[in-house]
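> Please work out how this folds:
(one chain, ligands or ions: 1)
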Amino acid sequence: MRRNFRHNNHKEKDVIITIKRLGINGEGIGYYKKKIIFIPGALPDEVVVAQIIKDYPHYIQAELVRIKEKSPDRVTFPKDVPPEVGGLELAHLSYKKQLEFKKNNVLEALKKYHPRGYAKYKVKNTIPAPNEWHYRNKAQYQIERDHGKTKLGLFAPHSHKLFDLPIMLTQSKDTQKIERTVKALIEKLHVPVANYYRHFPGIKTIVVRQSEASKEIQVTLITVGHEVKNLLTLSQELSKLPNVVSIYQNETDWRNPQVWGNKTEKLGGKNQITEEILGKKFALSPRAFFQLNPVQTVNLYSEAIKFLDLTPDQTLIDAYSGVGTLGIIAADQVKQVVGIETIPEAVADAKHNVELNHVKNADYFQGNVEKVLPQLQEQGLPVDALIVDPPRTGLAKGLIKTLLRTKPKTFVYISCNPSTLAQDLVLLTESYNVRLIENIDMLPQTARCECIVKLTLRK
Ligand SMILES: C[S@@+](CC[C@H](N)C(=O)[O-])C[C@H]1O[C@@H](n2cnc3c(N)ncnc32)[C@H](O)[C@@H]1O
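Presented below is the predicted three-dimensional model:
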């Protein structure tokens, strides 16, 4: 129960707390001397002993020590997996309650930011994932060598403590197996592992992605520096593994705070792996975004396209289009599809995917939606129907302004962050009504929510 990492230099004290509710990140929330206290791992209605880690001016961060009174919704946390690693924030809560939590998170965000008419929105129950475990088809693990021992896994959130993960229950079995095989090969071939503190070049991150449909696997070795001893031998060994068909090196340096660097080079095999969703094929290069749970993605895309109510005379804008998934799937229901996406490799994949699926009426443009959409409109592009699927930061304010001016009649918003969604809705409801919000669980065991919003232009 007691987590292994400590924020030192603070006096630690045990307190008894009754948990009132869950916070947006799945942590238990209670009160201590009238101040809010966050206790990860604790559940509503439980009475727990917690240790205060840090007393901030407006809240207290604490660690769960022992449960005195247990919630009936508590389930056993999976064995052999450290609770500190990200991605298992709700693994101690029954799946039925996880689904309720996700719907509630959306309701709470609406209540907090109160977009126009929010109390009347129809917020539906969360659609469960068909696969509660082993659903992630992409693993992005950090590698570290510490006192001669190699660790490969995930950092605890807000920490530099890396957990070696021989087992990860949300990860697909094949991606997990390949990660461990890469680790073993790195050790066997004495491939250098990067060391931040000594500024020592080598492999820093191993990304393994598998197509659910074709089972093809792509491995990307993210390295600090370009020349890494025995990297090519490693790549040759990897290409002998079952289903590994595409191997890349991505190069970064210590100044870059992002995981990925800007240079990506193929080491062996095919340029892309091919995924298939709703009868369409999608080629994926290493940098391109793709949903992490392809089985549940079928439901996400079907529901979102259903919400659009498309007609054959419409031009559909697929904004934040990734590799072109939504637009290509919907292309035969409309006159024309125009996609906009910022990552050049994803746009190249989208264009390739248009051809792969023999789609004749879709085109994809590279750049920021907030800039490219107004430019295309100036050139005469009609915006009849719009689907937006932004990252967690939500819609760019410039884009919201453009939309309030353009007023597309048909508008669907896919969001992976209820908080930015609710804030965007405050602005969008100047011109739109919100009819329906569908919740869908893409990432079981995590506190992450995904929802689809149908917006209707006010007369
Ligand atoms: C949540 S993903 C959705 C991708 C796609 N709709 C799908 O389902 O696979 C968001 C995408 O938006 C892209 N993106 C982020 N900011 C952007 C911006 N300002 N303009 C255009 N695309 C952006 C990201 O690269 C990413 O591919």
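
> from here on, contacts and neighbour counts on C-alpha atoms
OK.

> Distance check, residue 191 against residue 232.
Distance, residue 191 to residue 232, using CA to CA, to the nearest Å: 10 Å.

> quick one: residue 439 and residue 129 touch, right?
No: at 11.0 Å, residue 439 does not count as touching residue 129 under the criterion of CA atoms under 8 Å.

> Between the two, tell me which one has more neighbours.
residue 439 (25 against 20; other CA atoms under 10 Å).

> In terms of secondary structure, what does the helix or strand where the more buried one lies contact?
Assessed by DSSP states H and E, residue 439 sits inside strand 432-440. Contacts defined by 3 or more CA pairs under 8 Å, 6 or more residues apart in numbering; DSSP states H and E place strand 432-440 against strand 122-123, strand 450-457.

> follow-up on the earlier one: higher neighbour count, residue 191 and residue 232?
When residue 191 and residue 232 are compared for neighbours, residue 191 comes out ahead with 19 against 14, by other CA under 10 Å.

> Quick one: mean pLDDT over the strand holding residue 439.
For strand 432-440, mean pLDDT is 95.

> what's the angle between it and strand 450-457?
Relative orientation of strand 432-440 and strand 450-457, computed by axes from the mean of the first three to the mean of the last three CA atoms, to 10 degrees: 160 degrees.

> now what about strand 432-440, what contacts it?
102-103, 117-118, 121-129, 300, 449-458 (CA atoms under 8 Å, 6 or more residues apart in numbering).

> So is it next to the ligand?
No: Strand 432-440 stays clear of the ligand (CA under 6 Å from any ligand atom), getting no nearer than 13.4 Å.

> Dump stretch 181-188 to CSV, restricted to CA.
C-alpha atoms of stretch 181-188 as CSV (Å, rounded to 0.1, in the frame of the first residue of the first chain):
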residue,chain,number,x,y,z
THR,A,181,13.2,-8.9,-25.9
VAL,A,182,14.7,-5.5,-27.0
LYS,A,183,16.0,-5.1,-23.5
ALA,A,184,17.6,-8.5,-23.5
LEU,A,185,19.2,-7.9,-26.9
ILE,A,186,20.6,-4.5,-25.7
GLU,A,187,22.2,-6.3,-22.8
LYS,A,188,23.5,-9.2,-24.9
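
> centre of the chain versus it, how much separation?
27 Å (CA atoms, centre = their mean, to the nearest Å).

> So for that stretch, what gets flagged as buried?
182-183, 185-186 (16 or more other CA atoms under 10 Å).

> next one: stretch 344-358
Neighbour counts over stretch 344-358 (16+ other CA under 10 Å) mark 345-354 as buried.

> Same question for stretch 199-215.
For stretch 199-215, using 16+ other CA under 10 Å, the buried residues are 201-212, 215.

> and that stretch, average pLDDT?
95.

> is the ligand contacted by it?
No: judged by CA under 6 Å from any ligand atom, stretch 199-215 stays clear of the ligand, getting no closer than 13.5 Å.

> Do me a favour and get the end-to-end distance for that stretch?
37 Å.

> Please write out the alpha-carbon positions of the strand holding residue 439 in PDB.
Output of strand 432-440 as PDB, limited to C-alpha atoms (Å, rounded to 0.1, in the frame of the first residue of the first chain):
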ATOM      1  CA  TYR A 432     -24.300  26.300 -30.700                       C
ATOM      2  CA  ASN A 433     -26.500  24.100 -28.500                       C
ATOM      3  CA  VAL A 434     -25.100  20.900 -27.100                       C
ATOM      4  CA  ARG A 435     -27.600  18.100 -27.600                       C
ATOM      5  CA  LEU A 436     -25.800  14.900 -26.600                       C
ATOM      6  CA  ILE A 437     -22.500  13.800 -25.000                       C
ATOM      7  CA  GLU A 438     -21.500  10.200 -25.500                       C
ATOM      8  CA  ASN A 439     -18.800   8.900 -23.200                       C
ATOM      9  CA  ILE A 440     -16.600   6.100 -24.300                       C
END
